[in-house]
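K.L.:
Quick check, what structure comes out for this input:
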Amino acid sequence: MTIREVAKRAGVSLQTVSNVLNGRTSQVGEATRERVLRSIEELGYQPNLHARGLRSQRTYTVGFLTVDPSTRFLADPFHTAIISGMADILRENDYSLLVQALPPERPGDVFCDLFRQRRFDGAVLHLSGEPAARREWGQRMNEAQPAGKLKQFGRCPFVLIEESASGPSCASVRADNRSGAMRAVEHLRERGHRRMCFFYYSDPSWPAIEERLAGFEAALKAHKLPAPVCLPVNEESFERARAVMEAALKKETTMTAVLCSNDVLAVGALQAAKAVGRQVPDDLAIIGFDDFDFAQYVEPPLTTVALPGYEMGRRSAQLLMDYFRADRFEQTDILFPTSLIVRGTA
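P.N.:
Now for the predicted structure:
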C-alpha cells in the first residue's frame, strides 16, 4: 500500500496526502482532510516513518536523559510520572521515546555526543550532581549542535526538569518546591511543632531537593524556630530510610516533626517511628513530598506536598512539539504550583 493509492482513493494530489500525514492542516480544507483520513483507514495504509524522517530531516524521536547512579532509575516514581506524561504527548504526535540514564562520571561527554549525532529531535533532561556540574553540562549541551551533514537538521532543543534554563534552544519545567516546603513548615508550626528535621536523599544532589531544603530553612528562619536537624540518607529506599531515621529518633528525643524530601523517605520514617514506639502524628508528625500513588495507602495515610509529575512530563514534551513547529520555544520557564495534601501523619 502506497501514498499514491491513498491519493487516488481520496481524489487528491500526493502533496495533499503528505500535508495531512505531516500535520500541515492549515494547507488542507477540513472536508478534504477527512476524506484523506477516511481513505487511509479504509485502505489500511501505514506510513513509513523511516522514509518520512528522511524527507523531513527528522528522527521522530525524543529523548529522556537522566544522570542517576541508581540501577533502578526507571522504578523511581517521579521518573515514571515524567515519562508517562511525555509518552502520552509523543504517542499523539507519532513520536518515539528514547530513554537513557548515565552515572555521574562525566555524563556531559556522552550526552553531548547524542546531541551532535542527532539521535533525537529534542530531549528532556533530569540532571543530578553538584549545581556547578549541572550548569556546565547544560551549557555544553546548549553548545553541542549537529555536525557535518547533520547541520541541516538545525538546533537540537531540550527541556530541563527542575532546573532553570538559559540558552537559545533550552527551556525548563519546574515545580515550586521551595514554597511547598515553606507551606509544610507553616502547617507543622500551626500544630505546635518547633523542633523539626529535614530528612533528605543526599547522594547525588538533585535540584528539587536543594529547593526543598532552602524553603524549609527559610521558613524556620522566618518564624524564628530552632535550628533544624538535617538528616541525610545515601540510599533512596524504604529500608535504608527506616534504619537511618530509627537511629536518629533514639538520639534526637526533642524532635517532634520531620519533613522528608520525598514520600519514599517519609514511609521509611513512618516505619521507624512505629519501631521505636513514637505515635504518629501525636508524638511525631511526618510530611512527605511528591504525593506518589502509595502515599494514601500507608497507615496512617501520608501527609505530603503534591507535585504534578505527570503534568510536568506532558508539558515538557508539548514544549518540544511546539518548538519543532515554530523553531523556537514560546515559553522558556514553566513553574507548576505545589499543594499540601493533609492526611493522617501531620
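
K.L.:
A175 reaches F336, doesn't it?
P.N.:
Yes - at 4.7 Å, A175 counts as touching F336 under the criterion of CB atoms under 8 Å. In this view, the C-beta of every residue, glycine as well, is placed from N, C-alpha and C.

K.L.:
In terms of neighbours, single out the busier of the two.
P.N.:
Using other CB atoms under 10 Å, the more surrounded residue of A175 and F336 is A175, with 26 against 15.

K.L.:
Tell me how far the more buried one lies from T2.
P.N.:
Distance, A175 to T2, by CB to CB, to the nearest Å: 47 Å.

K.L.:
hang on, the earlier thing: overlap in contacts of A175 and F336?
P.N.:
Contact criterion CB atoms under 8 Å, 6 or more residues apart in numbering; residues shared by A175 and F336: 307-308, 312.

K.L.:
any chance of the residues you listed in a markdown table, with neighbour count too?
P.N.:
Formatted as a markdown table, the shared contacts of A175 and F336 follow (neighbours: other CB atoms under 10 Å):
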| residue | neighbour count |
| --- | --- |
| L307 | 26 |
| P308 | 18 |
| M312 | 24 |
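
K.L.:
nearest to E162, of those residues?
P.N.:
M312 (8.4 Å; CB to CB).

K.L.:
can you tell me which residues contact that closest one?
P.N.:
Applying CB under 8 Å, 6+ apart, we find M312 in contact with 81-82, 85, 161, 173, 175, 336.

K.L.:
Would you confirm that V67 contacts P103?
P.N.:
Yes - with contact defined as CB under 8 Å, V67 reaches P103; the gap is 7.4 Å.

K.L.:
Which one of those two is surrounded by more residues?
P.N.:
V67 (24 against 13).

K.L.:
What pLDDT is listed against the more buried one?
P.N.:
pLDDT, V67: 85.

K.L.:
And the strands in the stretch 51-200 of the chain, which stretches?
P.N.:
Under the criterion DSSP state E, counting those that start in this stretch, the stretch 51-200 of the chain carries strands at the ranges 61-67, 96-102, 122-126, 158-161, 170-175, 196-201.

K.L.:
winner for burial among these?
P.N.:
Counting by mean count of other CB atoms under 10 Å, strand 158-161 has the highest mean neighbour count of those, with a mean of 27.

K.L.:
so who does F73 touch?
P.N.:
Going by CB under 8 Å, 6+ apart, the list of residues near F73 reads 66, 79, 101.

K.L.:
Which of those residues sits closest to A285?
P.N.:
The closest of these, once distances to A285 are taken by CB to CB, is H79, at 28.3 Å.

K.L.:
quick one: the closest one from V17, how far?
P.N.:
Distance, H79 to V17, using CB to CB: 39 Å.
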